[in-house]
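**Q** Everything below, folded, please.
(4 chains)
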Protein chains: 2
Amino acid sequence: MSQSKHQLTPTEWEIMEAVWRLLETEPSGEISVRDVVDRGVFEPAKAYTTVQTLMNTLQRKGVLKRRKVGLVNFYRPVFERREMVDRATSSLLDRLFEGSGLKLVNFMMDNSKLSGDEIEALQEMINRHREEEE
Amino acid sequence: MSQSKHQLTPTEWEIMEAVWRLLETEPSGEISVRDVVDRGVFEPAKAYTTVQTLMNTLQRKGVLKRRKVGLVNFYRPVFERREMVDRATSSLLDRLFEGSGLKLVNFMMDNSKLSGDEIEALQEMINRHREEEE
DNA sequence: TCATTGCTACTACAATCGTAGTAGGTCTAC
DNA sequence: GTAGACCTACTACGATTGTAGTAGCAATGA
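**A** Numbering: from 1, shown residues only, chains lettered A, B, ... in the order given. Next comes the predicted model:
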């Protein structure tokens, strides 16, 4: 079936979001299943072994790297969140907007995904972007 | 598992894209499996029964409506493409950008999903949008 | 009339997803 | 030194996904 490479399912995203978030305050850059279970927020809660299975799947998919310290497995993300978001966004872009970011923005404007305030902020972004380009 | 409501898998999207496209030149607003198989473009090609199964799944999910004429089933989309794109986009927005369209646009600008030309076009869009608001 | 064509309904089946239980091995605190 | 606590590896299992085959029936054309 799919499994192509680093495409995540919604539940795997949930786990990864927790991993990235928790690692912000984790100087070692590594994290255990226990950390994710205890400090991640899941609604509804997930069993320890469920999280364990998911993290091992993520390891198999090459999204987490696993390292055994003593008896305990520690995991570290292979990619930054930004990279994964990029892939997911590109995938949506390719599938639904013929790869055109402009079409996506256009769609959002036409479908109220951007409020008036946000469009003002967007204008600011464009201005800043132009300055950076010079 | 998921099946929540009208969330499509990549392959189901492929079918629906073909259905919407073919219906543009189909005054009846209905289409058969045969139409999709013969006139849809799939890479690699899909067996007749594969398309049949997928279209029945889409019917079960409430995305296509089925009507038997004589012996043959005809299908019609329940939603316009725009509606489904809206759902998929909102889903990505919620999962990865905290529901903020602005964050998504920001991300795209920072990650070269928008070329310089496209940003100009975006500026045009904003201007037009402002005029419409007045 | 009867073989071919074409369609539907049903079935199959491996892979994946989401969730979790169980067995068995260390560590630790009494 | 032994009973919990805690962790890992393995297994399970129903649902879904993606792909397709088969049986059977209707229309059709020779």
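**Q** could you give the angle of the one helix or strand A:Ser91 maps to to helix B:81-97?
**A** Assigned by DSSP states H and E, A:Ser91 falls within helix A:81-97. Inter-element angle recorded for helix A:81-97 and helix B:81-97: 180 degrees (by axes from the mean of the first three to the mean of the last three CA atoms, to 10 degrees).
**Q** quick check: mean pLDDT across helix A:81-97?
**A** Averaged over helix A:81-97, pLDDT sits at 94.
**Q** do the same with stretch A:122-134
**A** 88.
**Q** Does chain B have contacts with it?
**A** Yes - applying CB under 8 Å from any CB of the partner chain, one finds stretch A:122-134 in contact with chain B at A:122-123, A:125-126, A:129-130, A:133. C-beta: built from backbone N, CA, C; applies to glycine.
**Q** how about that stretch: buried residues?
**A** A:122, A:125-126, A:129 (16 or more other CB atoms under 10 Å in any protein chain shown).
**Q** isn't A:Val33 right up against A:Thr50?
**A** No - if you go by CB atoms under 8 Å, A:Val33 and A:Thr50 don't touch, sitting 9.9 Å apart.
**Q** the more surrounded of these two?
**A** A:Val33 (21 against 15; other CB atoms under 10 Å in any protein chain shown).
**Q** how far away is the more buried one from A:Ala18?
**A** Here A:Val33 is placed at a distance of 11 Å from A:Ala18 (CB to CB, to the nearest Å).
**Q** what does A:Arg76 give?
**A** With distances taken as CB to CB, A:Arg76 is found 14 Å from A:Ala18.
**Q** Closest to DNA strand D out of the buried residues of stretch A:122-134?
**A** A:Leu122 (33.8 Å; CB to the nearest atom of the strand).
**Q** Tell me who's in contact with the closest one.
**A** A:114, B:102, B:105, B:122, B:126 (CB atoms under 8 Å, 6 or more residues apart in numbering or on different chains).
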